[in-house]
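Q: here is a sequence together with a model predicted from it:
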Amino acid sequence: MQSYQLFITLSKTIQIQIGRLGLFWFPKGTYVYTGSAKRNMDTRIKRHLTKDKKLRWHIDYLLTNEQTTIVKVIKTERGECDSNADVKGKTIVKGFGSSDCQEDCKSHLKFIG
């Protein structure tokens, strides 16, 4: 399965409701979100780049906020959890984007500074 990483900047500290996970504070800075697509990866990434969308995944709640900007996208043939494990960062929301995780990742969104 292919995976991708979104490098996201947050221009100021904000509080966001992330679906059923709850209400969280996100510090200003840079985040890396690791996701996967069984097919149509480019379509999935294009959706992430759009602000106006139905909120479906945890990442949608973050990306639709006006303070967020995707600054870089990396696509890889590596698995989602392997790619995520390479990112050294802080977990802000446990379970974010990792509800179908096969490797017991704490979160597929990491704050890197």
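A: Arrived safely, thanks for sending. Numbering: from 1, shown residues only.
Q: CA only for contacts and neighbour counts going forward, please
A: OK.
Q: need the longest helix for this structure.
A: When the chain is parsed with DSSP state H, its longest helix is helix 41-48.
Q: please identify the helix or strand for the residue most central in space within the chain.
A: Note on the chain: the residue nearest the mean C-alpha position is Tyr33, at 3.0 Å, using Cα atoms, centre = their mean. With elements taken from DSSP states H and E, the one containing Tyr33 is strand 29-37.
Q: that strand pairs with which strands?
A: strand 2-10 (antiparallel), strand 109-111 (antiparallel) (DSSP bridges).
Q: who does the host helix or strand of Asp60 touch, helix- and strand-wise?
A: For Asp60, the host element (DSSP H and E) is helix 58-63. Where contact means 3 or more Cα pairs under 8 Å, 6 or more residues apart in numbering; DSSP states H and E, helix 58-63 is packed against strand 14-18.
Q: gap between the strand it packs on and the chain center?
A: Distance of strand 14-18 from the chain centroid (Cα atoms, centre = their mean, to the nearest Å) equals 14 Å.
Q: for it, what is the average pLDDT?
A: What strand 14-18 shows for mean pLDDT is 97.
Q: returning to that earlier point: to Thr69, which of the strands paired with strand 29-37 lies closest?
A: strand 2-10 (5.3 Å; Cα to Cα).
Q: perfect, that will be all.
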